[in-house]
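J.: Need a 3D model of the following:
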Amino acid sequence: MKLRVLFLCATNGVQSPIAEALLGAMDPEHFEASSAGIERGEMHPFTVEVMKEINVDLQGRSTRSVDDVQHLSFDIVITLSDRARFLCPKFTQAEVVHWRFDDPLLVSDCVRQKHMFHVLRDQITQRIRLFTLVYARAAA
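T.: Here you go, the predicted structure:
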């Protein structure tokens with residue numbers, strides 16, 4: 001049985017779609033990944049761009065709000081921003097975990113901001129790798 005994982009950030013436009021796509025690509029055998037935002041926002045263009053660089057296409061993907069997924073059942077809910085951490089609604093059956101990452105949207109310089117998106121993608125990749133190792137082993 002697959003573990004159902006929800007990644008939650010502020011708008012479902014930066015951290016959570018990256019995490020959802022990476023988990024879905026890395027270990028679809030053990031995990032079913034979803035993502036949402038506290039509010040439904042727009043997919044950030046740099047999110048699409050840095051994921052496309054690793055052959056993950058998020059172009060045209062619709063964003064979701066937590067209201068769109070709150071009726072679903074999850075085993076693990078991972079908040080990826082402070083806003084999501086503090087405003088995360090109750091998912092009664094789920095273990096709730098917070099992963100802290102620097103927010104690239106707080107950087108105003110465009111070149112530096114794009115660099116921060118690369119850093120964010122790479123940090124989430126490392127965290128997902130560790131997560132899959134730990135949880136897939138625990139399930140086995």
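J.: Helix, strand, or coil at residue 96?
T.: Following DSSP: H, G, I helix; E, B strand; the rest coil, residue 96 is assigned to strand.
J.: now it, nearest residue through space, not along the chain?
T.: Of all residues not flanking residue 96 in the chain, residue 77 sits nearest, at 4.8 Å (C-beta to C-beta, 6 or more residues apart in numbering). C-beta: built from backbone N, CA, C; applies to glycine.
J.: Which elements pack onto the host helix or strand of the one you found?
T.: Using DSSP states H and E, residue 77 sits in strand 76-79. In terms of contacts (3 or more C-beta pairs under 8 Å, 6 or more residues apart in numbering; DSSP states H and E), strand 76-79 is packed against strand 3-9, strand 95-98.
J.: and these, which is most packed in?
T.: Among the helices and strands packed on strand 76-79, strand 3-9 has the highest mean neighbour count (mean count of other C-beta atoms under 10 Å), at a mean of 25.
J.: biggest helix in the chain by residues?
T.: helix 110-139 (DSSP state H).
J.: rewinding a little: list the residues that contact the residue nearest to residue 96.
T.: Residues in contact with residue 77 (C-beta atoms under 8 Å, 6 or more residues apart in numbering) are 5, 6, 8, 88, 91, 94, 95, 96, 97.
J.: so what's it scoring on pLDDT?
T.: As predicted, residue 77 sits at a pLDDT of 97.
J.: same deal with residue 137?
T.: pLDDT, residue 137: 70.
J.: Run a quick neighbour tally on it.
T.: Per other C-beta atoms under 10 Å, the neighbour tally for residue 137 reads 9.
J.: wait, what's in contact with it?
T.: Contacts of residue 137 by C-beta under 8 Å, 6+ apart: none found.
J.: do you know how far it is from residue 33?
T.: As defined by C-beta to C-beta, to the nearest Å, residue 137 lies at a distance of 18 Å from residue 33.
J.: Equivalent analysis for residue 88, please.
T.: From residue 88 over to residue 33 the distance is 17 Å, taken as C-beta to C-beta.
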